[in-house]
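Student: can you look at this prediction? I've put the sequence above it.
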Amino acid sequence: MSRQILFITAFIALVSCQKKVAITVDEKSVSQQLDSFPKQAFWHPISNYTNKVPTAYISTKGNTIVNEPKVQSVIQIQIGDTIVFKSNIGIEYRGSTSFRLFDQKSYGFELRDKLDQDTDSAIMDFPKQSDFILYAPANDKALIRNTLIYDLSNQIGMYATRTKYIHLYIDGAYLGLYVLMEKIKRDKSRVNITKMSSTDNTGTAVTGGYIFKIDKSAGDNDIVGWDADAIYTAELGFRSLYDPNYNKISYLPYGIKKGAETYFMYEYPKYDAISTDQKKYLQSYIGELEEVLLSSSFSHPTNGYSKYIDEQSFIDFLILNEFATNPDGYRLSTFMSKDRLGKLKMGPIWDFNLAFGNDDRPAFFNSANWVFNFNTYYPNDTWLIHFWWKKLLSDPSFTSKLKVRWVQLRGTTLSSNNINKTIDQHINILKTNNSIKPHFERWKILGVKLPFNNFVGNTHQEELDYLKSWITKRLNWIDAEIVKL
């Protein structure tokens, strides 16, 4: 039998239930496929900063924090009695659904100099930048859902925002445990793509870099209330020509969103900075990709979709969203980028507060469904999953690479041992710094069903036990089901 047709069986040892799952792949392509994926962690927050949880003190100097604009304030960060960072800032509320539904609010802030101009600076061991977030784990009573998945993403070599737990006081009032984190932004230490100029409108220059997203429109328009979430304009982005079922859309774009529509929103250059020619290029690139995906030769190895997309990033993005069962995956908070002369990349991943069984919709809390089938479960939702994923998963070459990557990660980063170790590292930091009890004394939410909560534990430990148990069930289910793709 020739090497070209020889098959091998890759086994995943499941520590928790002592069983093995077989995944069959073409031996000739296995080595090449595995080598294409990163082996080194991009960033590991546990090993990159002290186990102390700093305390941030913000003084608004009498200003009232609002959704927009940012108001002048000062931030001082201490570890014990030692001041480790101090700066003028501009601060505002952030978030759409979370802001409206939960008492603990998240904030966005930018560092400013003495002249009140934004300035780059290194907060402790974060790389220099100006824009940061204070994320509130408002309905995540385990406190670590976002930090866990961002940590694992960075461990597999796919950049996700750097994080640091922090105790927050604003104008003397203790507001609980927060996560200091990077805002998704073009930067050599964040989304490392080419810086664009308004004159980069032709030739090689116009090909990148870009960051854009599939998301709600709130935060990018001036509308107040729930209506802000689903009103799109030509200024903010552009609509795909096709609906989730491969049908060409006949009605005009923009206005109040329909579920059949997918909008791509400009993130970098921002909608008020991107030029007309840059918009045309980006729309043309996505348009060409979609025409190829819908062609009979969409899986051609050189002229098919692989000519346009970075498959590695798509596969890792899928794995992370499916592993965590992120109900917003693919359809909301979905960032992507395209560098100069580069292919389309998925990521960074973003916003997993409803993941890991923290969503009370049946399709997501039972750990036994594929998120990419969201449209089947909730066909009338305003935000459906675009047709890209369904089409990619219909290609045996793509699913073969997906299975190979899953096998690789289950033996390393996504092994039960490593996941539990990572969880314990995060929790130990919070316990050692007495971060848990005061948080729940400030926010009396244990034993209370908040919006979206599926499980309601009476203690933090019960919430943590649920998270760990849910993850074990999820891993076992994917091990058994991924072979069927």
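Tutor: Thanks, I have it. Numbering: from 1, shown residues only.
Student: hey, where'd the strands end up in the stretch 151-300 of the chain?
Tutor: 163-170, 173-182, 210-214, 231-232, 237-239, 255-256, 263-268 (DSSP state E, counting those that start in this stretch).
Student: return the most buried member of those.
Tutor: Compared across the strands of the stretch 151-300 of the chain, strand 210-214 shows the largest average neighbour count, a mean of 24 (mean count of other C-beta atoms under 10 Å). For glycine as for every other residue, the C-beta is placed from the backbone atoms N, C-alpha and C.
Student: so which residues make contact with it?
Tutor: Strand 210-214 is contacted from outside by 184-186, 191, 193, 196, 237, 262-269, 278, 282, 330-338, 386, using C-beta atoms under 8 Å, 6 or more residues apart in numbering.
Student: go again with 7 Å.
Tutor: 186, 191, 237, 262-268, 282, 331-332, 334-338, 386 (C-beta atoms under 7 Å, 6 or more residues apart in numbering).
Student: sorry, back to before: mind putting the strands of the stretch 151-300 of the chain in JSON lines, mean pLDDT and distance to Lys391 included?
Tutor: Putting these into JSON lines (pLDDT from 0 to 100; distance: least, C-beta to C-beta, whole Å) gives the following:
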{"stretch": "strand 163-170", "mean pLDDT": "97", "distance to Lys391": "34"}
{"stretch": "strand 173-182", "mean pLDDT": "98", "distance to Lys391": "32"}
{"stretch": "strand 210-214", "mean pLDDT": "98", "distance to Lys391": "16"}
{"stretch": "strand 231-232", "mean pLDDT": "96", "distance to Lys391": "23"}
{"stretch": "strand 237-239", "mean pLDDT": "98", "distance to Lys391": "18"}
{"stretch": "strand 255-256", "mean pLDDT": "95", "distance to Lys391": "27"}
{"stretch": "strand 263-268", "mean pLDDT": "98", "distance to Lys391": "17"}
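Student: of the ones you listed, which is nearest Leu402?
Tutor: Closest approach to Leu402 among the strands of the stretch 151-300 of the chain (C-beta to C-beta): strand 210-214, 20.6 Å.
Student: strand partners (parallel or antiparallel) of the closest one?
Tutor: If you go by DSSP bridges, strand 210-214 pairs up with strand 263-268 (antiparallel), strand 334-338 (antiparallel).
Student: can you list the low-confidence ranges for this protein?
Tutor: Within the chain, the stretches with pLDDT under 70 are 1-50, 219-225.
Student: which neighbouring elements make contact with the lengthiest helix in it?
Tutor: With secondary structure taken from DSSP state H, the chain has its longest helix at helix 460-481. Packed against helix 460-481 by the contact rule (3 or more C-beta pairs under 7 Å, 6 or more residues apart in numbering; DSSP states H and E) you find strand 7-14, helix 311-323, helix 416-432.
Student: which of the ones you listed sits most buried?
Tutor: helix 311-323 (a mean of 22).
Student: now what about it, what contacts it?
Tutor: 36-37, 149, 153, 156, 158, 329-330, 345-347, 349, 370-371, 392, 398, 401-402, 405-406, 409, 414, 474, 478.
Student: buried ones from those, can you make that a PyMOL selection?
Tutor: Here is the PyMOL command that picks out the buried ones among the contacts of helix 311-323, judged by 16 or more other C-beta atoms under 10 Å:
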select buried, resi 37+149+153+156+158+329+330+345+346+347+349+370+371+392+398+401+402+405+406+409+414+474+478
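Student: in strands, which of the contacts of helix 311-323 fall?
Tutor: Applying DSSP state E to the contacts of helix 311-323, the entries found in strands are Lys345, Met346.
Student: tell me how many other residues crowd Gly342.
Tutor: 15 (other C-beta atoms under 10 Å).
Student: tell me if I'm right that it and Thr204 touch.
Tutor: No: assessed by C-beta atoms under 7 Å, Gly342 is found out of contact with Thr204, at 11.1 Å.
Student: buried residues in the longest strand along the chain, which are they?
Tutor: For the chain, the strand with the greatest residue count under DSSP E is strand 82-94. Going by neighbour count (16+ other C-beta under 10 Å), the buried part of strand 82-94 is Val84, Phe85, Ser87, Asn88, Ile89, Gly90, Ile91, Glu92, Arg94.
Student: give me the contact list for whatever helix or strand comes next after it.
Tutor: Beyond strand 82-94 on the C-terminal side, the first helix or strand identified by DSSP states H and E is helix 97-101. With contacts defined as C-beta under 7 Å, 6+ apart, helix 97-101 is touched by Tyr93, Lys105, Ser106, Ala138, Pro451.
Student: what is the nearest of those to Leu115?
Tutor: Looking across the contacts of helix 97-101 and measuring by C-beta to C-beta, the closest to Leu115 is Tyr93, at 24.7 Å.
Student: the closest one: what's it in contact with?
Tutor: Tyr93 neighbours (C-beta under 7 Å, 6+ apart): Ile65, Val66, Asn67, Phe99, Lys105, Tyr107.
Student: tell me the spacing between the spatially closest residue to it that is not a sequence neighbour and Glu462.
Tutor: Nearest-residue entry for Tyr93: Asn67, 4.9 Å, with adjacent residues in sequence omitted and distances by C-beta to C-beta, 6 or more residues apart in numbering. In this view, Asn67 and Glu462 are 34 Å apart by C-beta to C-beta, to the nearest Å.
Student: so the nearest residue to Asp171 once chain neighbours are set aside versus Leu168, what's the distance?
Tutor: Excluding its sequence neighbours, the residue lying closest to Asp171 (C-beta to C-beta, 6+ apart) is Thr60, at 5.7 Å. The spacing between Thr60 and Leu168, counted by C-beta to C-beta, is 13 Å.
Student: count of neighbours near Lys468?
Tutor: 16.
Student: quick one, what contacts it?
Tutor: Residues near Lys468 by C-beta under 7 Å, 6+ apart: Asn420, Ile423.
Student: could you rerun that using 6 Å?
Tutor: Contact criterion C-beta atoms under 6 Å, 6 or more residues apart in numbering gives no residues in contact with Lys468.
Student: go on, Ala355?
Tutor: Contacts of Ala355 (C-beta under 6 Å, 6+ apart): Arg145, Ala324, Thr325, Asn326.
Student: and which of the residues you listed is nearest His426?
Tutor: Nearest member of the contacts of Ala355 to His426, counting by C-beta to C-beta, is Arg145, at 10.3 Å.
Student: how about the helices in the stretch 251-400 of the chain?
Tutor: Assigned by DSSP state H, counting those that start in this stretch, the stretch 251-400 of the chain shows helices spanning 276-293, 311-323, 362-365, 374-377, 387-392, 396-410.
Student: just the residues contacting the fifth one, thanks.
Tutor: Read it as helix 387-392. By C-beta under 6 Å, 6+ apart, the residues outside helix 387-392 that reach it are Pro244, Tyr246, Leu293, Tyr330, Phe372, Phe398.
Student: for the second one, grab the count of nearby residues.
Tutor: Other residues within reach of Tyr246 by the criterion other C-beta under 10 Å amount to 12.
Student: give me the nearest residue to it, chain neighbours excluded.
Tutor: Closest to Tyr246 by C-beta to C-beta, 6+ apart is Phe387, at 5.4 Å.
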